[in-house]
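Peer 1: sequence first, then the predicted structure:
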Amino acid sequence: MTDTGKISTLAIHPGALGDVILFARLLELLPHPVAVVTGGEKAKVLEGLGVVERAFAFESLAMHEVFTDGPIEKCSLASGPIRSCDRVVSCFGGDDQRSRQRLAPLFGAGECSFLPIRPENEYPGHLVDLWREMLKVESPVSRHPWPVPPEWITRTLPPSSALLQPGSGGRDKCWPLDSFIKLARGLERCGHNPVFILGPAEMERLHYRQMLLMEGFEIVTCPSLKTLCGMLASCRVYIGNDSGVSHLAGVLGARCVVLFGVSCPRHFAPIGPRVKIISGRKLDDMSPDAVLGAVARYSSLGGIE
């Protein structure tokens, strides 16, 4: 592997899609050039969207060396593709004293800042604002959309498409599937064409696909992140739970309606130019009619722009 040359900020986050998207909003405010180390497909998408200059798959590097006692100069990380940077900003390894001492020298960094993956419950603001405070970044968080490369728009959506993503990494974050189906029927009556997106977690719950097929809805299963970006950039409206896909939809500028229940939108809401949050203590108590009304008020097809 070749040396990347001088990097100003090396950012590390091994988390899920939504966590990494929020982290990337922070990276926009840090000194560039920025290199990121995160899960493989997420790394390439951030690089392709122009959020970072370089991206490395977490699994392609010997990150376990952060927790070992071997001499720094004999570790493969020290002689790998990232040999010099001004600063490491990491959501990885902060709970381990050994990693706190080793992470910066392994990447030839002058300093290392460790960030929490979530705020304390009493923190009044958003997670990205907490990170900004910890790093003493004065610039406000951007809400501008990330432009999607035209070659990523490979799947043709029906006119006035409404993308619905009924899943999430946690089952307790999911609005009931039958509520999504009732919402889809209401969207059809308003002139939208509902299209359901099912990821790996939803495909493991086979009844999701079976129920949607029985209802006759169009389903897209496990699209690549690049294909998903293209779909989100070209849809009329997106509706989903607190999930990584919802965060991706937000930063790509899609008109989004995002449902929050057990998680806290004050801390974790998607950051984008056209994001509408609907929250309640229990997702089960949210009626499809109420959500449809919110979509209608937010969508030019359903009523008021």
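Peer 2: Perfect, I can see it now.
Peer 1: the closest residue to Pro288 other than its chain neighbours in helix, strand or coil?
Peer 2: Spatial nearest neighbour of Pro288, excluding adjacent residues (Cβ to Cβ, 6 or more residues apart in numbering): Lys182 at 3.8 Å. In this view, the C-beta of every residue, glycine as well, is placed from N, C-alpha and C. Following DSSP: H, G, I helix; E, B strand; the rest coil, we place Lys182 in the helix state.
Peer 1: now the helix or strand of the chain with the lowest mean pLDDT: how far from the chain's centre is it?
Peer 2: Ranking every helix and strand in the chain by mean pLDDT, DSSP states H and E puts helix 200-204 at the bottom, with a mean of 83. In this view, helix 200-204 has its centroid 18 Å away from the chain centroid, taken as Cα atoms, centre = their mean, to the nearest Å.
Peer 1: tell me what that helix is packed against?
Peer 2: Judged by 3 or more Cβ pairs under 8 Å, 6 or more residues apart in numbering; DSSP states H and E, the packing partners of helix 200-204 are helix 207-215.
Peer 1: neighbours of Arg171, how many?
Peer 2: 9 (other Cβ atoms under 10 Å).
Peer 1: give me the secondary structure label for the nearest residue to Phe114 once chain neighbours are set aside.
Peer 2: Here the nearest residue to Phe114 in space, its sequence neighbours aside, is Gly94; by Cβ to Cβ, 6+ apart that works out to 3.3 Å. Secondary structure, three-state DSSP: Gly94 is coil.
Peer 1: pLDDT score assigned to Gly94?
Peer 2: Here, the pLDDT recorded for Gly94 equals 90.
Peer 1: could you do the one 5 residues further on as well?
Peer 2: The confidence metric pLDDT takes the value 93 at Ser99.
Peer 1: OK, contacts around it?
Peer 2: Applying Cβ atoms under 8 Å, 6 or more residues apart in numbering to Ser99 gives the contacts 66-67, 92-93.
Peer 1: go with 6 Å
Peer 2: Listed by Cβ atoms under 6 Å, 6 or more residues apart in numbering, the contact set of Ser99 reads 66-67, 93.
Peer 1: just give me the neighbour total for the closest residue in space to Leu198 that isn't next to it in sequence.
Peer 2: In this structure, Leu198 finds its nearest non-sequential neighbour in Thr221, 4.9 Å apart by Cβ to Cβ, 6+ apart. By the criterion of other Cβ under 10 Å, Thr221 has 13 neighbours.
Peer 1: backbone dihedrals for Thr221, both of them.
Peer 2: The phi/psi pair for Thr221 (degrees, to the nearest 10) reads phi -110, psi 130.
Peer 1: likewise for the one 4 residues further on?
Peer 2: Comment: the main-chain dihedrals of Leu225 come out as phi -60, psi -40, following degrees, to the nearest 10.
Peer 1: and it, how many neighbours does it have?
Peer 2: 19.
Peer 1: next, the contact list for it, please.
Peer 2: 41, 45.
Peer 1: just the pLDDT for it.
Peer 2: pLDDT, Leu225: 97.
Peer 1: next: the one 10 residues further on.
Peer 2: The per-residue pLDDT reported for Cys235 equals 95.
Peer 1: same deal with Gly303?
Peer 2: 35.
Peer 1: what of Ser299?
Peer 2: 68.
Peer 1: quick check: phi and psi on the residue of the chain positioned farthest from its centre?
Peer 2: Distance from the C-alpha centroid of the chain, by Cα atoms, centre = their mean, peaks at Pro71 (35.7 Å). In terms of degrees, to the nearest 10, the main-chain angles of Pro71 are phi -60, psi 140.
Peer 1: Ala55 now?
Peer 2: Main-chain torsions, Ala55, degrees, to the nearest 10: phi -140, psi 140.
Peer 1: and for Ala35?
Peer 2: Dihedral angles for Ala35 - degrees, to the nearest 10 - are phi -120, psi 140.
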